Every structure is written in structure tokens, then in C-alpha cells.
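K.L.:
what shape does this take:
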Amino acid sequence: MEQIYTIPIKEHFRAAEADPSCGCPLCSLYRMLEENELDLILGASMMEPDVRIKTNRQGFCDIHSRIMLGRKNRLGMALTLESHLNELRSDVKDLPLLVPGSAARHRVSELESSCYVCGRIAGNFTHLLENLIYIWSVDEEFRDLFLKQPYFCLPHWNAMLKTALARLPKKSYRDFSHAAEQVVLPYFDSLREDVSWFCRKFDYRYADEPWGNSKDSVERAVRFLRGDIHVK
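P.N.:
As a prediction, this is how the structure comes out:
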């Protein structure tokens, strides 16, 4: 297996160990991949014929469209959209959009769940997870670093376990899942306590009690449950 993600994986895990506010290291790695793809699609890849064929077909989801709109390269986005719109209009030319099951309706419906950037990130993130599992299986130092993470969000915990199940022997998988639990479950329990305390603070009986770690517990709970993946 080509270990192209070894360095960034270790860098992001070390950063999260040093500063727990970095959160889930896999969310941070996802944002790295997302940033790379957004830079490419509005830069070097924009005029490549093979990329243009894919963007014409797949388009971009709402989230990535809005992120790209917030960037300075409006011309780059306009050029990409120009050919996408032209091809899409050709695909639905002279076809009745209102007829259920028509080719035009099918083509438009495809775009609701299609995004070139999402697809690129998903493929690269799969390889990154495979690399992570491999590093964990051969690098004792990384195993120690793994245990020192502030937490893994639930979606990425699940993604790691799925990848480990497919890549590791049964005993190694049990060891990996146990290691992941040692990171996730203590944070899970402390987060539940913080959210509960946040709720109690709105009861007058606890008004004078200190907030502790609960002030940002609602935001942290959302990041834990859903991940914190998109470029800010």
C-alpha cells in the first residue's frame, strides 16, 4: 500500500494531542483534503479536459458551491459553471421535464446527490483511513499517539471501525476497536455530563454554581455527533 498520507496523519494527530481544541483529528484531515480539492478545482484543475468532463456531469453540492462563492476566483467558478450549464441544458433539450421517469427528470435528479468535490474527497478519505489503519498496525509510537487524541467524532469513529474490520485480522481488529473506545467513550461520558450541567444552569437553584466545562458543551456535542468537517 502506498503510504502517501503517513506524514499528514501523524501531523494532525500530534496537533490534536498538543491542543485538544483541535478536536477530532480525522475532521481536521477531512478539512485538509477539502481545502486541497477546492484549491485545485478553482486553480490548476479548472481547465483540464478530464476534470471538466466530470464537473460538467456531476456539478457541485450546495455546501461546496457556497464555499467556492466565498472565494476570490469568481472567474474560475464562472468558467466551470458555464460549461456545466451548457451541457446540462443540452441534456434536457426538447425533453419534457414534467413527465415522471423521463430522461430529463432523471438527469436533473442526479444533480441533487452529485458533487465533484465531495466525490474526490470521499475517495481520498477512504485511502487516508486505510493508511491510518496500516500505520496503527505497524507503528507502536503511533498507537500511543492514537490513545492521546482528545476524541474521535461518531461518524469518523464508525468509519475507522469499518475500515479496520475490512483491513485487519480479527485479533488486531479487536485491539484497534478497544483502543478507539478508550478515546471515544470517556469523552462521550464527560460530554454528557457537561450538557446535563449546561441544562441545569438554567434552573434558578443552580444559578450561582460555576459553569465548569459546560458553556460550549452544546457546540461540542454537535461536533461530536455530526463531525466538524467543512472548511470554515
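
K.L.:
where does the chain dip in pLDDT?
P.N.:
For the chain, residues meeting the criterion pLDDT under 70 lie at 1-2, 94-101, 232.

K.L.:
which stretches in it count as helices?
P.N.:
Counting by DSSP state H, the chain has helices at residues 6-18, 25-41, 49-58, 62-69, 74-91, 103-110, 116-138, 140-147, 154-167, 170-200, 217-226.

K.L.:
what's the most buried one of these?
P.N.:
Of the helices of the chain, the one with the most neighbours on average (mean count of other CB atoms under 10 Å) is helix 25-41, at a mean of 20. The way it works is simple: take the backbone N, C-alpha and C, and place the C-beta from them, glycine included.

K.L.:
any idea how far it is from the chain center?
P.N.:
In terms of CA atoms, centre = their mean, to the nearest Å, the centre of helix 25-41 is found 8 Å from the chain centre.

K.L.:
likewise stretch 36-47?
P.N.:
Relative to its chain's centre, stretch 36-47 lies at 18 Å (CA atoms, centre = their mean).

K.L.:
which residues touch residue 151?
P.N.:
Contacts for residue 151 (CB atoms under 8 Å, 6 or more residues apart in numbering) come out as 23-24, 183-184, 187-188, 224.

K.L.:
as CSV, those residues with distance to residue 211 would be great.
P.N.:
Below are those laid out as CSV (distance: CB to CB, whole Å):
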residue, distance to residue 211
23, 20
24, 23
183, 25
184, 24
187, 19
188, 20
224, 19
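
K.L.:
show me which of the residues you listed is closest to residue 4.
P.N.:
Closest approach between the contacts of residue 151 and residue 4, by CB to CB: residue 24, at 21.2 Å.

K.L.:
residue 169 versus the closest one, what's the distance?
P.N.:
26 Å (CB to CB, to the nearest Å).

K.L.:
ok, residue 195 next?
P.N.:
38 Å.

K.L.:
and what of residue 31?
P.N.:
32 Å.

K.L.:
re the thing from before, give me the more crowded residue out of residue 24 and residue 169.
P.N.:
Counted by other CB atoms under 10 Å, residue 24 and residue 169 do not tie: residue 24 has more neighbours, with 27 against 9.

K.L.:
is the more buried one in contact with residue 225, as I believe?
P.N.:
No - using CB atoms under 8 Å, residue 24 is not in contact with residue 225, being 11.3 Å away.

K.L.:
right, I'll leave it there.
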